[in-house]
Structure formats: C-alpha cells, structure tokens
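*Asks:* test case, fold it:
(chains A, B, C and D)
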Number of protein chains: 2
Amino acid sequence: MIKLSKKIEYGILALQYIAVHSDKIVSAKEISEQMGIPYEFLSKTLQQLMKKGLIVSQHGIKGGYILGKNANDMTVKDIIIALEGKASFLDCFVSSNGLICDRSPNCTIKDPMEKLQSKVMQVFNTTTIAEIATI
Amino acid sequence: MIKLSKKIEYGILALQYIAVHSDKIVSAKEISEQMGIPYEFLSKTLQQLMKKGLIVSQHGIKGGYILGKNANDMTVKDIIIALEGKASFLDCFVSSNGLICDRSPNCTIKDPMEKLQSKVMQVFNTTTIAEIATI
DNA sequence: TTAATATCCGACTATTGTAATCCGATTTTA
DNA sequence: TAAAATCGGATTACAATAGTCGGATATTAA
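*Replies:* Numbers count the residues shown, from 1 in each chain, chains lettered A, B, ... in the order given. Okay, the predicted model is just below:
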C-alpha cells in the first residue's frame, strides 16, 4: 500500500494544531481530545517529534508543547523522517551503497525508481506545516 | 511507512521486463528466475495486471505475457491502481464524500492533504513504464 | 511541602496487511 | 496425450502498525 501511517497522520494533525494555537502551550490531552487521537499513542508521537526538535516540551502541571522551529521551515518530509527515521519507497534505498536485495548491484529498476522517489520527496520537502495550518 | 509494497515493486519489475523483451512472449517462470521474484506470488500479480488490461496472456505450453498497451501510455499510477484498487494516502480519500473517520466532516487536514496527495499522484501519473524500461 | 497534572519511557499486546505458499483446474501446443 | 503454461481460491506465515499499560520524573500552584 502506498499510504501514510497513522503515526504520520497524527503527527501532522498535532503539529498543525500546535501551529494554529501558537499563542499558548498545548498539552497532549488537549490535542488528543480535540483531534480524536488515542492519548497514549499521540504522547509517544509527540515525544518523538520533541527528540527531533520539531516541538519543545514543558513539564509539569502547566506543561505541554510549542513549535520547536518556524512552521515555514517544517516540512512533511521532516515529519516523516522524525517519526520513521527514513523516507524511502524501496528498501534498497535505505543503505548508502544500495546493495541489499537479491538484484543488487545489477538491479534494473533502482535508477529509475530513485528518480521517481526523488520527485515524490521533493513534493514532501516543499510542503510545510505553515501551508497545512493555513486553512 | 511511506513505501511501495512488494507487489507493486514486482509489478513494475515484471512490466519493465516484458517491455524490454517485447519481441517475444515472456512466461512468469522466466521473469521469476531472471528478476529473483517468488514464482507463485508473481503469478498472482501478473494475473491482476492481466485483468486490468496492462498485459495480455497466452495460455498453453508456449504461453506467457505481452504488454496490453503501449509502454508510453502505462503509468506507475495505473500499476498501483491495478494492483491495489486505489492510490491514496489517507483512508478518508477512499470514499467519494470523504466522511469516514471521526474527524469528518470538520477535518482540518483533509483539504491540505488532498492537495499534497494530488501532487504526488501527478508524479506517479507522469512516470511511464517506457521511461523505467529505458536504461 | 504536598497534591495535581503534565511529560517521559520501556515493555507489552492486539490487530492488520503484506507476502508467500499450496493445491488443483484449465488451456494450448508439440 | 503429455508437457508446460496460465488461472483461481484458500490458506498460512510473518512483519509492521496501532494501541495499551504501568510507572518514573518534572513542574506548578495551593
């Protein structure tokens, strides 16, 4: 299947919510309730985004999250990489030399697929949270 | 994960192989051996492509497959739809009215994600087997 | 100083979808 | 009529996703 995982969907929803409510600190509970996302799962996702610097956390009773950088500088590709470590279509693109599957190194689709992938990644890399948050 | 399934990877590989060897009928066994794809799984994939007209089958001892239409008119999107029925990022885009998940109809990411998706689909829709087969 | 509320973190379970396999039927050609 | 191919349903195996649970830590406010 060619689709975005729930984790990425939730990540985008959360970042959008935090961006729209940038005048205050937003808690995971608030996002969970307002966006209809399972609380525990969302918490995990937010912690991952925090570790990658996309958001900044504040502990304690008045705690929550704010954006870690400008929404204009935060792309969908950033989110995918923060939450899944990579953003690639085929497994062979994960390693640096590309020699993973049986067909390597004489794979006939590696080069054309790499071009296809870079085109798609360019779309992800030019779509920002600022765009998504502006409704 | 944002990645292409093995089925789609195999489908692209098979179509590429058939396109390159368009001077003859190519059997599933030959593709399986040459491309290193599990025979039974590949057979199923080829049957799906056949049902959608991307390839034409020939029964019997000298049987196999040839392209069902010009490689220039066969896009990656065609392959994805033939093998998975749809080509969408989020589940809510599957239905025509988009009212599936909890957030509908007031979902705040549906519209921006729909734009993102259409951009990606345009990439898939403008990449042909002819391009992929020309190495 | 203590209770409340929040993030943080590891481990675990449940579910789903993918990938692969098995078995047999049908078709065509030599 | 035997061999080699496609066809098709059912089943199994496996991996990744999605979600849950329990508890530790940090911060604030009463």
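*Asks:* contacts, neighbours, all on C-alpha from now
*Replies:* Will do.
*Asks:* what does chain A put close to DNA strand D?
*Replies:* A:5-8, A:38-41, A:44, A:58-63 (CA under 7 Å from any atom of the strand).
*Asks:* top of those residues by neighbour count?
*Replies:* residue A:8 (21 neighbours; other CA atoms under 10 Å in any protein chain shown).
*Asks:* gap between it and residue A:79?
*Replies:* Distance, residue A:8 to residue A:79, using CA to CA, to the nearest Å: 7 Å.
*Asks:* what residue of chain A is the furthest out?
*Replies:* Largest separation from the mean C-alpha position in chain A: residue A:106, at 32.5 Å (CA atoms, centre = their mean).
*Asks:* so where's chain A shaky on pLDDT?
*Replies:* Applying pLDDT under 70 to chain A flags residues A:1, A:92-102, A:104, A:135.
*Asks:* the strands in it, which residues?
*Replies:* Taking DSSP state E as the criterion, chain A carries its strands at A:55-58, A:64-67.
*Asks:* if you compare the ones you listed, which one is most tucked away?
*Replies:* Sort the strands of chain A by mean neighbour count, taking mean count of other CA atoms under 10 Å in any protein chain shown, and strand A:64-67 sits at the top with a mean of 22.
*Asks:* the closest residue to residue A:125 other than its chain neighbours: how many residues sit nearby?
*Replies:* Closest residue in space to residue A:125, ignoring its immediate chain neighbours: residue A:77 at 5.1 Å, by CA to CA, 6 or more residues apart in numbering or on different chains. If you count neighbours by other CA under 10 Å, residue A:77 ends up with 19.
*Asks:* quick one: residues contacting residue A:77.
*Replies:* Residue A:77 sits next to A:87, A:121, A:124-125 when contact means CA atoms under 8 Å, 6 or more residues apart in numbering or on different chains.
*Asks:* swap in residue A:125?
*Replies:* Contact analysis of residue A:125 by CA under 8 Å, 6+ apart lists A:75-78.
*Asks:* do residue A:37 as well
*Replies:* A:10, A:31.
*Asks:* and for residue A:117?
*Replies:* Contacts of residue A:117 (CA under 8 Å, 6+ apart): A:88-89.
*Asks:* check residue A:122 too.
*Replies:* Taking CA under 8 Å, 6+ apart as the definition, residue A:122 has no contacts.
*Asks:* no further questions, thank you.
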